[in-house]
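Enquirer: The following block contains a protein sequence and its predicted model.
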Amino acid sequence: MVNTCITLILSSMILLVIPSVLSLDQDPVAVEQWFENLPNMTPKLTHLHFYLHDLVSGSDPTVFRVAQSNITSSSPTAFGFIAMADDMLTTGPEPNSTVLGRAQGIYGSACLEESGLLMTMNLVFTGADYNGSTLSLLGRNAVFHSYREMPIVGGSGVFRMARGVATAKTYEFNLTSGDAVVEYNVMVQHYN
């Protein structure tokens with residue numbers, strides 16, 4: 001009986017906390033009402049700045065190769081490799097700086113002539129301002145170019161119906177380990 005009561009209390013507490021984590025109500029009726037109100041909403045432009053920590057080595061990597069083609073090992077661009085990532089997003093380039101969220105998705109070498117990745121990433125924000133909201137990035141990342149521009153094709157929560165551009169610049173890259181820290185500036189238009 002006591003265990004049942006404790007379980008019910010904990011379940012109730014979890015259910016009370018879950019709605020406060022998400023920025024917008026995701027119930028189908030609430031989403032429909034949001035869209036009905038869309039013509040009255042004002043577009044908002046938001047600038048986000050953060051660092052992505054792409055760790056392929058060490059005891060706690062955040063990227064794992066999940067597939068490769070029959071030419072990947074002989075290709076100068078590692079053409080055909082595919083990796084899954086769950087990279088940390090932080091306020092600064094140091095790994096111990098404040099965590100803003102995660103970059104979760106997939107990338108793969110899609111170019112035979114230079115190091116060019118096809119990236120499909122969900123930027124999942126956990127910080128106070130955007131907790132529970134996401135941005136969806138889909139585009140080409142020519143990793144050895146100084147700056148790379150990739151489109152933001154959507155979002156959820158505060159960033160519902162978002163569109164914009166993410167600009168990436170390598171802050172640090174270790175040729176031996178393959179680990180990288182990448183600085184991102186994201187300009188995104190969304191609605192209030």
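Expert: Received it, and whenever you're ready, just let me know what you need. In this text, all values refer to a predicted model and were calculated from it rather than measured experimentally. Numbers count the residues shown, from 1 in each chain.

Enquirer: dump the residue contacts of the most centrally placed residue in the chain.
Expert: Centroid-nearest residue in the chain: residue 123, 1.9 Å away (criterion: CA atoms, centre = their mean). By CB atoms under 8 Å, 6 or more residues apart in numbering, the contact list for residue 123 reads 89, 101-103, 134-137, 186. In this view, the C-beta of every residue, glycine as well, is placed from N, C-alpha and C.

Enquirer: now those: which count as buried?
Expert: 89, 101-103, 134-137, 186 (16 or more other CB atoms under 10 Å).

Enquirer: Take those and lay them out in JSON lines including pLDDT.
Expert: Shown next, in JSON lines, are the buried ones among the contacts of residue 123 (pLDDT from 0 to 100):
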{"residue": "89", "pLDDT": "98"}
{"residue": "101", "pLDDT": "98"}
{"residue": "102", "pLDDT": "98"}
{"residue": "103", "pLDDT": "98"}
{"residue": "134", "pLDDT": "97"}
{"residue": "135", "pLDDT": "98"}
{"residue": "136", "pLDDT": "98"}
{"residue": "137", "pLDDT": "98"}
{"residue": "186", "pLDDT": "98"}
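
Enquirer: I'd like the distance between the residue nearest to the centre of the chain and residue 162.
Expert: According to CB to CB, to the nearest Å, residue 123 and residue 162 sit 10 Å apart.

Enquirer: again with residue 82
Expert: 26 Å.

Enquirer: out of those two, which sits in the busier spot?
Expert: Per other CB atoms under 10 Å, whichever of residue 82 and residue 162 has more neighbours is residue 162, with 23 against 17.

Enquirer: Show me the beta-bridge partners of the residue nearest to the more buried one when sequence neighbours are not counted.
Expert: In space, and not counting its chain neighbours, residue 162 is closest to residue 155: 3.4 Å by CB to CB, 6 or more residues apart in numbering. For residue 155, the beta-bridge partners are residue 135 (DSSP bridges).

Enquirer: can you count the residues close to residue 155?
Expert: Neighbours around residue 155, by other CB under 10 Å: 23.

Enquirer: and if you look at residue 104?
Expert: 15.
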